[in-house]
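Student: how would this look folded up:
(one chain, ligands or ions: 1)
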Amino acid sequence: MLKRPLAALALAFPLFAAAEPLPVVASFSVLGDWVREVGGERVAVHTLVGAGEDTHMFQPAPAAAQQLARARLVVMNGLGFEGWMPRLAQAAGYKGELLVAMEGVEPLRAGAERDPHAWLSVGNAIHAVRRIAGSLCTADAAGCDEYRARAAAYTTRLQALDTEIRAAWSEVPQEQRQAVIPHDNFGYYARDYGVRIWAAQGADGESEPSARAMAALVRRVREGGIRALLVEPLEGSRLMAQIARETGLPISGKLYAEALSPAGGPATSYEAMMRHNTRTLVEAVQGVAKPVDVPHHDEHDTHHHHH
Ligand SMILES: [Zn+2]
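Tutor: The predicted structure is shown next:
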């Protein structure tokens, strides 16, 4: 009985039938934001590692395989960031394109590995957005004009963002542009904007620094004119609290690099994240930031207590 009226409705409004959005899976929140910017209403993005979550520590759950099995496009960062993805996609029976968004960028080294945190370069973001638009065009040719137009508009905004970040740093003398952060994830940002950044922890997000490495970092802070110590929401608070104690410097802000912040936070989009990080770093190195309270343990430490 219902069939006839519905069919009539579909004929009267052909868009009704075509409005099913393209299911796309992105490995983590920054890529999810880019796919949403390029895809608009034509795509339904599912992000495997959500805002406020750590991709380095990700353990795929069965729900992730279900999302992949339904997807028409899967987008990952590459550079070793999501080592679990190819196996997960295969296990889920996913047969579509696995887009490596950062393929083709100039990789930085982090020890013996490639540094995966390429999204903290706006130039790399523009590169990835172009690749995402190309893959969406392949997966959904009918939407290609819209994807290209949205990617062009977003790229214009990203170019303005890059100009804005360069302008913010141009106010800061070169020798003052030095900061210590918990985890070695600002390499691309440091390269692009001429900042010297030291990290307590390596780029893989797992290795603990030795007592000797920590002592060397504390010595560098004391001797090298570094005044800015920053934390991140996901890790390294304990290490940064230790450096603050041993140097007498305050912790002067929280950076978002690994993931966007959950709703209501200061980094709910890629553009907001880059603006927040730049403002926080510039104020920190200028010594005008308000000190922040830092817990003496990490989320990961707390997490491990549950096991
Ligand atoms: Zn990382």
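
Student: please make it C-alpha for all contacts and neighbour counts, starting now.
Tutor: OK.

Student: where does the chain dip in pLDDT?
Tutor: Applying pLDDT under 70 to the chain picks out residues 1-18, 205-206, 295-307.

Student: how about the helices in it?
Tutor: All helices of the chain, identified by DSSP state H, fall at 3-12, 14-18, 29-39, 62-70, 85-91, 122-139, 144-170, 187-193, 211-223, 237-247, 270-285, 299-305.

Student: now do the fifth one: which elements does it pack against?
Tutor: Packing contacts for helix 85-91, counted by 3 or more C-alpha pairs under 8 Å, 6 or more residues apart in numbering; DSSP states H and E, involve helix 62-70.

Student: now the helix it packs on: buried residues?
Tutor: Within helix 62-70, the residues that count as buried by 16 or more other C-alpha atoms under 10 Å are 64-65, 67-69.

Student: and the contacts of stretch 97-116?
Tutor: Stretch 97-116 has contacts (C-alpha atoms under 8 Å, 6 or more residues apart in numbering) with 72-81, 118, 124, 127-129, 131-132, 135, 185, 187-188, 202-203.

Student: for Ala151, give me its contacts.
Tutor: By C-alpha under 8 Å, 6+ apart, Ala151 lies in contact with 37-38, 129-130, 133.

Student: can I get these in JSON lines with distance to Asp145 and neighbour count?
Tutor: As requested, the contacts of Ala151 are exported to JSON lines (distance: C-alpha to C-alpha, whole Å; neighbours: other C-alpha atoms under 10 Å):
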{"residue": "Glu37", "distance to Asp145": "14", "neighbour count": "20"}
{"residue": "Val38", "distance to Asp145": "11", "neighbour count": "25"}
{"residue": "Val129", "distance to Asp145": "15", "neighbour count": "25"}
{"residue": "Arg130", "distance to Asp145": "13", "neighbour count": "18"}
{"residue": "Ala133", "distance to Asp145": "10", "neighbour count": "25"}
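
Student: quick one, domains of the protein?
Tutor: 19-165, 172-305 (automatic domain parsing).

Student: tell me the one of the contacts of Ala151 nearest Pro173?
Tutor: Pro173 lies nearest to Val129 out of the contacts of Ala151, by C-alpha to C-alpha, at 32.3 Å.

Student: quick one: contacts for that closest one?
Tutor: Val129 neighbours (C-alpha under 8 Å, 6+ apart): 34-35, 38, 101, 151, 155.

Student: need those in a markdown table (columns: distance to Ala112).
Tutor: Shown next, in a markdown table, are these (distance: C-alpha to C-alpha, whole Å):
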| residue | distance to Ala112 |
| --- | --- |
| Trp34 | 29 |
| Val35 | 31 |
| Val38 | 34 |
| Ala101 | 22 |
| Ala151 | 34 |
| Thr155 | 33 |
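
Student: and the two most separated of the residues you listed?
Tutor: Top of the distance list for the contacts of Val129 (C-alpha to C-alpha): Ala101 and Thr155, 15.0 Å.

Student: what about those two, which has more around it?
Tutor: The neighbour comparison of Ala101 against Thr155 (other C-alpha atoms under 10 Å) goes to Ala101, with 24 against 21.

Student: circling back to that earlier point, widest-spaced pair of the contacts of Ala151?
Tutor: Glu37 and Arg130 (11.6 Å).

Student: which residues does stretch 71-81 contact?
Tutor: The contact list for stretch 71-81, computed with C-alpha under 8 Å, 6+ apart, reads 22-28, 31, 55-56, 68, 82, 85, 94, 96-103, 107, 114-117, 132, 135-136, 139.

Student: of the residues you listed, which belong to strands?
Tutor: Among the contacts of stretch 71-81, the ones falling in strands (DSSP state E) are 22-28, 97-100, 114.

Student: among these, name the buried ones.
Tutor: Burial by neighbour count, 16+ other C-alpha under 10 Å: within the ones in strands among the contacts of stretch 71-81 this picks out 22-28, 98-100, 114.

Student: of those residues, which is the nearest to Leu260?
Tutor: Distance to Leu260 across these (C-alpha to C-alpha) is lowest for Phe28, with 8.9 Å.

Student: so who does that closest one touch?
Tutor: Listed by C-alpha under 8 Å, 6+ apart, the contact set of Phe28 reads 47-51, 55, 76, 259.
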